[in-house]
Structure formats: C-alpha cells, structure tokens
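In: for reference, the sequence and a predicted model appear below.
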Amino acid sequence: MTTVHAQSASPLDASRPVTAEQIRSVAPTLEHYTQDRLEGAVWKRPGLSTRDRCLVTLAALIARGQTSALGHYTEKALENGVKPAEISETITHLAYYVGWPNAMAAIPSVSDVFARHHIKADQLPAINPQLLPIDEKAEAARAKLVGDNFAATAPGLVDYTTDYLFKDLWLRPDLAPRDRSLITMAALIAAGQTAQIPYHLNRAMDNGLTETQAAEVITHLAFYAGWPNAMSALPVAKDVFAKRHAQ
C-alpha cells in the first residue's frame, strides 16, 4: 500500500482501507510484506492476468464478508479492465454462492466507487437480458444427477438449482461463463467449501480456464483467504487435474 499524497491522490488511493503510515505504526513488517511480497510479487506473477486477479480478489472479499477493502479493489478492478457490468454481475452471482447478506454487504463500498466514476444504470446489466444459449445435453445430465440424489430430500432446492442457477444466473451475458467459473471457484476456496470445488473446477476448465490459471487462483488466494484454505484446495485441484489428464 502506498502513502496518500495530496498532490497525487487518486481514487485508488482514496479507497484504501488503511494508509501505509497506519500499518507501519502497528505492524511495520506487514507493511513491508505488503509492498514486497503481495504488491511486488504475487500481483505480478504471469500465470494470471491482473484483471483476473482483481475478479478473484473481489470474489474472495465478498465471500468472506471483508467489505473494508472492497472499495480499493473495486477501483483496482476498474483500472485493470473489469467493466462496471462485470462487477455488478459478480455481486449478483455471488449472492447465490456465498449468501444474500454477503452480497448485500458489498453494495455500499462498490456504490461509493461507482458514484465517484459517475457509473450510471446504462452501464449496468439489464434485469432481464437475452440469455446465452444453454448446453441442453450437459444441463440435462447435471439436473438428472442432482435430482436422482436429492429430489426426495429437498425438492425445492433441486428445482431452484435448475431454474434459478443453471437456467438463468449462469446464462446471463454480462459476465462470461469463464469468469463466472473463476469467481465461483475463488469464492468456494475463500469460504473453505472444498466439497464443491471438483464440479466447479471442471466446469471452469471446460469454460476455458487453464490448469496454470487455476493453480494461480489458489496461489493468489493464499494471501487473501489464508494458507489453510489454499492448502485445503490443493489436493482437490490435484485430483481434478489428474483425472482430466487421464481422459
């Protein structure tokens, strides 16, 4: 994190939750690591674009309810090519994967950033857009598997999973399928939901995420969701990679 100077302040500076001076006054080594290891190394690794790292970070913060840093990373996302509509769709998408309260908690910080950038309704997704085409065969197989396992246990949830998620949310056009997979994976890892990772990692790779990029997502999240969550995701990812190589 950099010191805010009046003569060179930017929206990104203004949105930082704490200043470098504040960090140094409490944990000077942490400020050094932030500059040297987080900003200086992790964000510059070539395996994942800065744009994608922004989406991954936003997803992790929303998943963990850590709203104090959202303004800063929303600014960073806009500076690195993430569109306002994509940020909007990220929040909407994650309501289903990390819960409505976490999605709603993200609104004030992001609203402040959008206001500073004069982002208006015409830059945000339509409520009822024309949906992307669905892969009928793949969706039928997914629906049958879930239905066979859980329709007798929670029929409402099974129906909502089909109607609200896979026949609506995942087909909304303002966030590409690959990016939906990217933020879903990031949110699951950040929330420690390892049981859900195999399906969504496979889906992400089917949607164009490479093995290198998936590994970088996990590496990046060690710094934003903690080493235990990242390390817990590694055996799952290793197994998914191995099974895909064996096909």
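Out: Happy to help now that I have it. Residues are numbered from 1 along each chain as shown.
In: ok, longest helix in the chain?
Out: Determined from DSSP state H, the single longest helix within the chain is helix 227-246.
In: contacts made by that helix with the rest, please.
Out: Helix 227-246 has contacts (CB atoms under 8 Å, 6 or more residues apart in numbering) with 189-192, 194, 197-198, 201-202, 205, 211, 214-215, 218-219, 221-222. Backbone N, C-alpha and C define where each C-beta goes, glycine included.
In: where does pLDDT dip in this structure?
Out: Low-confidence segments of the chain, defined by pLDDT under 70: 1-11, 13-14.
In: what comes up buried for stretch 146-161?
Out: Using 16 or more other CB atoms under 10 Å as the test for burial, stretch 146-161 gives 158, 161.
In: end to end on that stretch, go ahead and measure it.
Out: In stretch 146-161, first residue to last residue: 9 Å (CA to CA, to the nearest Å).
In: just the CA trace of the longest helix of the chain, in CSV.
Out: Output of helix 227-246 as CSV, limited to C-alpha atoms (Å, rounded to 0.1, in the frame of the first residue of the first chain):
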residue,chain,number,x,y,z
TRP,A,227,-2.9,-20.6,3.7
PRO,A,228,-5.2,-23.2,5.3
ASN,A,229,-7.9,-22.5,2.7
ALA,A,230,-5.5,-22.6,-0.2
MET,A,231,-3.7,-25.7,1.0
SER,A,232,-7.1,-27.4,1.5
ALA,A,233,-7.9,-26.7,-2.1
LEU,A,234,-4.7,-28.2,-3.4
PRO,A,235,-5.5,-31.9,-3.1
VAL,A,236,-8.9,-31.3,-4.7
ALA,A,237,-7.3,-29.5,-7.7
LYS,A,238,-4.5,-32.1,-8.0
ASP,A,239,-7.2,-34.8,-8.2
VAL,A,240,-9.2,-32.9,-10.8
PHE,A,241,-6.1,-32.2,-12.9
ALA,A,242,-5.0,-35.9,-12.8
LYS,A,243,-8.4,-37.2,-13.8
ARG,A,244,-8.6,-34.8,-16.8
HIS,A,245,-5.1,-35.8,-17.9
ALA,A,246,-6.2,-39.5,-17.8
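In: so how far is it from its chain's centroid?
Out: In terms of CA atoms, centre = their mean, to the nearest Å, the centre of helix 227-246 is set 18 Å apart from its chain centre.
In: same check on stretch 113-128?
Out: A distance of 19 Å separates the centroid of the chain from that of stretch 113-128, by CA atoms, centre = their mean.
In: so which bits of it are buried?
Out: Neighbour-count burial for stretch 113-128, with 16+ other CB under 10 Å as criterion, is recorded at 113, 114, 119, 124, 125.
In: show me what that stretch is in contact with.
Out: For stretch 113-128, using CB under 8 Å, 6+ apart, the contacting residues are 11, 14-15, 71, 74-75, 78, 83-85, 88-89, 92, 172, 174.
In: now for the residues you listed, which pair is the farthest apart?
Out: For the contacts of stretch 113-128, the farthest-apart pair by CB to CB is 14 and 172; their separation is 31.2 Å.
In: ramachandran angles for residue 45?
Out: Phi and psi for residue 45, reported as degrees, to the nearest 10, are phi -60, psi 140.
In: for residue 104, see how far away it is.
Out: Look at residue 45 and residue 104: by CB to CB, to the nearest Å, they are 32 Å apart.
In: circling back to that earlier point, just name the closest of the buried residues of stretch 113-128 to residue 22, please.
Out: Residue 22 lies nearest to residue 113 out of the buried residues of stretch 113-128, by CB to CB, at 20.8 Å.
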